[in-house]
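Novice: Have a look at this prediction, sequence included:
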Amino acid sequence: MSQLDMLVSIIVPAYNAQLHLAECLDSLLKQTYSNLQIIVVDDGSTDNTAVICDEYRKKDKRIVVIHKENEGVSAARNTGVDVAVGEYIQFVDADDLLVAYAIEHVVQKIKSLCADVLYFSFEAFDKKGICRSTPEHEKFPSAVITSRKKIFQLIHEGIIGNHVWAFCFRKDFLRNHRLQFDSKIPYGEDILFINQIAAAVPQRFCCLNESLYRYRKSEQTVTQCHSLKNSLSDLEVVRQLDALHMEYTDLDDRGYHILRIRMLIDAYSILPLAKKQKETKCIKKRIVNEIRNTKKTNLLNRLSKKYLFKYILVMLNLYDLIASLKKLLEK
């Protein structure tokens, strides 16, 4: 088998995904690159997900289905990695899509550069179609990156994103460095994993200046993110990133501080709006203090307009008021 025909394992964690799972799997079966192992991990779904998985397994022998008890997306991804036999691993969320030529172009780039990790661009879409493209890909470096400092810089500046499905990984790289998702973190697990990837310093980290992934945006998804549990999870990710960052003295502190502020703002913005909850009020106060204690060198130039606006609202104690008014106007 030629290198171009290397086996790629696609891992799809699925929990109560009956609405879009079939469309997702169809996009994988329509790939112009056919040497695939498609692993669908049914994470204890209570809807029709299991039935859909089994139906597709009968349609195509490349599909492997694992039914397991519900433990969260991180554990489901780890399960998929454990059974993957492909040389490379690609993650896909159960409500998203890969463009038809995605894996073919990824494999071509990997072959030409012998990459350990490949990052590519994506576009968000909703029921009306493409709603947002990612401008970051215009700044992608064309050369192979071998420096930990440079990889972290690109991540911290937001040029390389933190969505795990926008990466293709050499399986042996993950296993040799014992890289797994933290199953105790229900939210924000991607950003922690990608920073751990950077810390492991892939020998050849590459970018592909193509939009190959379609990320589905929905109001339901956004609403489900808002919870005290998810906010606390984000704060735990910040704690672990702080510890990781302290291990490497040669990194750009300014870049990490901007990332830290963005994560803290995210942790604040997904808290429930109910002010009467004592625990929620305590967490909001804690987040504001964390933001105040983070260095803000060149904040105006390095923080995006969206995050700068949220930062101002949070620090002026106006975020909840504006969010509540926005919610009323949308009704």
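Specialist: Ah, there it is.
Novice: State which helix of this protein is the longest.
Specialist: Looking across the chain with DSSP state H, the single longest helix is helix 228-246.
Novice: Mind exporting the C-alpha coordinates of that one to CSV?
Specialist: The C-alpha coordinates for helix 228-246 follow below in CSV (Å, rounded to 0.1, in the frame of the first residue of the first chain):
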residue,chain,number,x,y,z
LEU,A,228,-22.4,26.8,36.2
LYS,A,229,-20.9,23.4,35.5
ASN,A,230,-19.4,24.5,32.2
SER,A,231,-18.1,27.7,33.6
LEU,A,232,-16.3,25.8,36.4
SER,A,233,-14.9,23.5,33.8
ASP,A,234,-13.5,26.5,31.9
LEU,A,235,-11.9,27.7,35.1
GLU,A,236,-10.3,24.3,35.7
VAL,A,237,-8.9,24.5,32.1
VAL,A,238,-7.4,27.9,32.9
ARG,A,239,-5.8,26.4,36.1
GLN,A,240,-4.2,23.6,34.1
LEU,A,241,-3.1,25.9,31.4
ASP,A,242,-1.4,28.1,34.0
ALA,A,243,0.5,25.1,35.3
LEU,A,244,1.4,24.1,31.8
HIS,A,245,2.6,27.6,30.9
MET,A,246,4.8,27.8,34.0
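Novice: buried stuff in that helix?
Specialist: Buried residues in helix 228-246, counted by 16 or more other C-beta atoms under 10 Å: 230-238, 240-241, 244-245. All C-beta atoms are positioned from the backbone trio N, CA, C, and that covers glycine.
Novice: Same check on stretch 10-19?
Specialist: Buried residues in stretch 10-19, defined by neighbour count with 16+ other C-beta under 10 Å: 10-18.
Novice: Next: stretch 175-183.
Specialist: So for stretch 175-183, counting by 16+ other C-beta under 10 Å, buried means 180-183.
Novice: Repeat that for stretch 68-87.
Specialist: Those would be 71-81, 84, 86-87, for stretch 68-87 by 16+ other C-beta under 10 Å.
Novice: Show me what the helix or strand hosting C53 is packed up against.
Specialist: Element membership for C53 (DSSP states H and E) is helix 49-59. Packing partners of helix 49-59 (3 or more C-beta pairs under 8 Å, 6 or more residues apart in numbering; DSSP states H and E): helix 21-29, strand 36-43, strand 63-68.
Novice: mean confidence score for the longest one?
Specialist: Right, helix 21-29. For helix 21-29, the mean per-residue pLDDT is 98.
Novice: Dump the buried residues of stretch 175-183 to CSV, plus secondary structure, pLDDT and distance to C282.
Specialist: CSV is the format used below for the buried residues of stretch 175-183 (DSSP: H, G, I helix; E, B strand; the rest coil; pLDDT from 0 to 100; distance: C-beta to C-beta, whole Å):
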residue, secondary structure, pLDDT, distance to C282
Q180, coil, 95, 32
F181, coil, 96, 28
D182, coil, 94, 24
S183, coil, 92, 26
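Novice: and of those, the nearest to I103?
Specialist: F181 (21.7 Å; C-beta to C-beta).
Novice: which stretch among the helices and strands packed on helix 49-59 comes nearest D320?
Specialist: Per C-beta to C-beta, nearest to D320 of the helices and strands packed on helix 49-59: strand 36-43, 33.1 Å.
Novice: Next, the angle from the closest one to helix 49-59.
Specialist: Using axes from the mean of the first three to the mean of the last three C-alpha atoms, to 10 degrees, the inter-axis angle of strand 36-43 relative to helix 49-59 is 160 degrees.
Novice: Quickly run through the sheet partners of strand 36-43, with directions.
Specialist: strand 8-14 (parallel), strand 63-68 (parallel) (DSSP bridges).
Novice: Low-confidence ranges, the protein, go.
Specialist: The chain contains residues with pLDDT under 70 at 1-4, 131-139, 219-224, 274-276, 298-300, 331.
Novice: any chance you could map the helices in it?
Specialist: Using DSSP H, helices in the chain cover 21-29, 49-59, 73-83, 102-113, 148-156, 171-176, 189-199, 219-225, 228-246, 253-269, 278-292, 299-302, 305-315, 319-330.
Novice: Buried residues, the second one. List them.
Specialist: Within helix 49-59, the residues that qualify as buried by neighbour count (16+ other C-beta under 10 Å) are 49-50, 52-53, 56-57.
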